[in-house]
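>>> Requesting a structural model of the entry that follows:
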Amino acid sequence: MLCGLVAGAWLGAAEAPVKLVNVGLSPWSISFCMVAGVFVARWTFPTLLKGTAYVFEDLNGKRHLIIWALIAGSLWAVANTLTVFAIRDVGLAIAFPLWNANSLVGLVWARILFGELKGAKGQVIVRVVLGAVAIFVAATMLAFSSIHGGSAVGMHASRGIPAALGACVLWGTMYIPYRKAYLSGMNPLSFVTAFTLGELFTVSMLAVTLSGGVTTIFRELQHARGLLFWLFLGGFVWVVGDLFQQFAAKYLGIGRGISLSNTNQLWGLAWAAMVFGELRGASSRQDLLILGGSVTMIAGAALIASGAATGGEHASQREAIRRECDRYGLDHLRTLSAASGDDAGTHRQGRRWWDYVIVGGAISVFLTLAGKAIVPPMIINRVWLLALTAALLFGLVIGAAHLWRTTRFS
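Residues are numbered from 1 along each chain as shown. Reported below is the predicted structural model:
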């Protein structure tokens with residue numbers, strides 16, 4: 001649960017750099033740069049925390065999951081690109097809760113494919129169903145708020161809302177590979193290492209084929225090189241949140257873990273309203289719908305997350321693990337141990353010299369871009385920027401320390 005809450009804070013902050021779309025960068029370039037930052041961070045954190053030897057040993061023992069990780073990465077890349085269009089057309093405060101209904105999509109897949117909630121008590125099922133309904137109602141309220149009034153948000157709602165909902169469906173479906181990986185005992189750090197190859201390849205193809213070719217992208221990035229650091233930073237922040245989300249999905253399941261991490265709606269709204277002043281000029285009716293929809297969506301996620309798993313559900317999960325083991329020839333006892341986070345002693349590979357090269361290379365990339373960075377020409381409330389950044393760092397320290405003590409990042 002702590003991982004889910006920390007994930008919400010960091011995922012909510014990660015989309016803030018996408019606001020740079022309003023200073024002339026195309027959505028394709030923004031998505032490409034964010035994924036490039038994600039790629040650098042994706043390889044850095046597993047290397048730093050466990051070492052590449054551990055990661056490749058884990059991947060080699062579960063090679064059937066590599067294709068699933070690549071598919072998940074591809075789905076993420078398309079969804080992330082759609083979010084850039086959504087933010088441009090309807091704004092961060094409205095787009096966030098619309099695509100955050102992905103927890104509802106993920107819950108449906110979790111029930112159909114992996115038997116989540118099977119054997120649950122009636123009150124648990126009621127909480128989850130009510131939470132799902134609340135998320136749907138909240139999404140409807142927020143969509144309705146964007147098509148009333150004469151603001152720019154309303155004029156572009158016909159483009160922005162479908163983009164946000166498309167991201168919702170793709171991200172909700174992306175959680176299928178997540179659950180397969182963790183039922184098979186794969187470490188989240190190993191899964192995301194393969195995941196990032198799928199997302200980088202897909203977003204590169206999208207950027208090249210739909211934005212005018214490599215020359216167009218290169219020219220735009222050269223022109224905006226002073227802004228690249230912020231987009232890479234956005235990808236970096238997203239990876240931190242996603243790693244915590246991965247651990248939440250592993251230990252709570254899709255329905256609960258993803259719903260809990262979707263408290264990023266609250267953080268996204270805070271960044272949009274307090275740092276960027278995005279809600280200035282909104283009508284009273286829009287304010288009520290946006291705030292009411294946000295609160296309703298958070299309440300729905302809380303209801304789903306509060307439905308603690310019971311003995312019947314645990315038995316259902318063990319059955320799902322048994323099916324995965326039988327299907328792919330995995331060792332059942334070892335898989336059960338890994339799925340519960342107790343595999344720290346089964347991988348004894350130490351770090352290699354190239355691990356330090358990878359980490360050093362990533363640091364060099366960010367330092368190089370930081371040296372060329374300029375402050376974007378946007379109105380930003382620096383007091384709230386510092387306050388929210390401090391909250392992020394506090395959550396990171398507490399969450400990482402607790403995760404290390406209990407699972408050794410397993």
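
>>> Now do W404 against L197, distance only.
27 Å (Cβ to Cβ, to the nearest Å). In short, each C-beta sits where N, CA and C put it, glycine included.

>>> who's more crowded, the two?
Set side by side, W404 and L197 show more neighbours around L197, with 17 against 12, by other Cβ atoms under 10 Å.

>>> Go through the helix or strand hosting L48 and flag the buried ones.
Applying DSSP states H and E as the criterion places L48 in helix 27-49. Residues 27-47, 49 are the ones in helix 27-49 that count as buried (16 or more other Cβ atoms under 10 Å).

>>> how many other residues sit next to I71?
I71 - counted by other Cβ under 10 Å - has 17 other residues nearby.

>>> Now it. Nearest residue, chain neighbours left out?
P177 (5.9 Å; Cβ to Cβ, 6 or more residues apart in numbering).

>>> In contact with that neighbour, which residues?
Residues near P177 by Cβ atoms under 8 Å, 6 or more residues apart in numbering: L65, W68, A69, I71, A72.

>>> Return the closest of those residues with respect to W230.
Nearest to W230 among the contacts of P177 is A72, at 26.1 Å by Cβ to Cβ.

>>> quick one: that closest one and F195 touch, right?
Yes. Assessed by Cβ atoms under 8 Å, A72 is found in contact with F195 at 5.5 Å.

>>> quick one, which of the two is more surrounded?
Set A72 next to F195 and count neighbours by other Cβ under 10 Å: F195 wins out with 29 against 26.

>>> Can you give me the pLDDT of the more buried one?
Each residue has a pLDDT score; the one for F195 is 89.

>>> you'd agree it is up against L75?
No. If you go by Cβ under 8 Å, F195 and L75 don't touch, sitting 9.9 Å apart.

>>> out of everything not next to it in sequence, what's closest to A301?
A301's closest residue in space is S259 (Cβ to Cβ, 6+ apart), at 4.3 Å.

>>> whoops, I mixed them up, I66
Nearest non-adjacent residue to I66 (Cβ to Cβ, 6+ apart): A194, at 5.0 Å.

>>> again with T173
Nearest to T173 is L75, by Cβ to Cβ, 6+ apart, at 6.1 Å.

>>> Three-state assignment for the one you found, please.
helix (DSSP: H, G, I helix; E, B strand; the rest coil).

>>> In contact with it, which residues are there?
So L75 contacts L170, W171, T173, M174 (Cβ under 8 Å, 6+ apart).

>>> can those go into a markdown table with extra columns for neighbour count, distance to G268 and pLDDT?
Formatted as a markdown table, the contacts of L75 follow (neighbours: other Cβ atoms under 10 Å; distance: Cβ to Cβ, whole Å; pLDDT from 0 to 100):
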| residue | neighbour count | distance to G268 | pLDDT |
| --- | --- | --- | --- |
| L170 | 22 | 18 | 94 |
| W171 | 25 | 14 | 90 |
| T173 | 18 | 21 | 92 |
| M174 | 23 | 19 | 91 |
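
>>> So which of those is the closest to E278?
Taking the contacts of L75 together and measuring to E278 by Cβ to Cβ, the closest member is W171, at 22.1 Å.

>>> what's the next secondary structure element after the helix or strand bottoming out on mean pLDDT in the chain?
Ranked by mean pLDDT, DSSP states H and E, the weakest helix or strand in the chain is helix 152-155, scoring a mean of 50. Per DSSP H and E, the first helix or strand lying C-terminal to helix 152-155 is helix 157-183.

>>> for that following helix, the distance to its chain's centre please.
Offset of helix 157-183 from its chain centre (Cα atoms, centre = their mean, to the nearest Å): 10 Å.

>>> try stretch 37-54
Distance, stretch centre to chain centre, for stretch 37-54: 17 Å (Cα atoms, centre = their mean).

>>> residues in contact with that stretch?
Contacts for stretch 37-54 (Cβ under 8 Å, 6+ apart): 55, 187, 189-190, 192-193, 195-196, 199-200, 231-236, 238-240, 243, 347, 349-352, 354-355, 358-359, 362, 365-366, 409.

>>> From those residues, list just the buried residues.
Judged by 16+ other Cβ under 10 Å, buried ones among the contacts of stretch 37-54: 55, 187, 189-190, 192-193, 195-196, 199-200, 231-236, 238-240, 243, 347, 355, 358-359, 362, 365-366, 409.

>>> can you give me the strands for the stretch 51-200 of the chain?
Read by DSSP state E, counting those that start in this stretch, the stretch 51-200 of the chain holds no strands at all.

>>> so where is the stretch 1-150 of the chain shaky, pLDDT-wise?
Applying pLDDT under 70 to the stretch 1-150 of the chain flags residues 18-25, 92-93, 142-150.

>>> There's contact between G8 and S261 in this structure, I believe.
Yes. Contact status for G8 versus S261: in contact at 5.1 Å, counting by Cβ under 8 Å.

>>> Any chance you could list residues touching both of these two?
G241.

>>> All set now, cheers.
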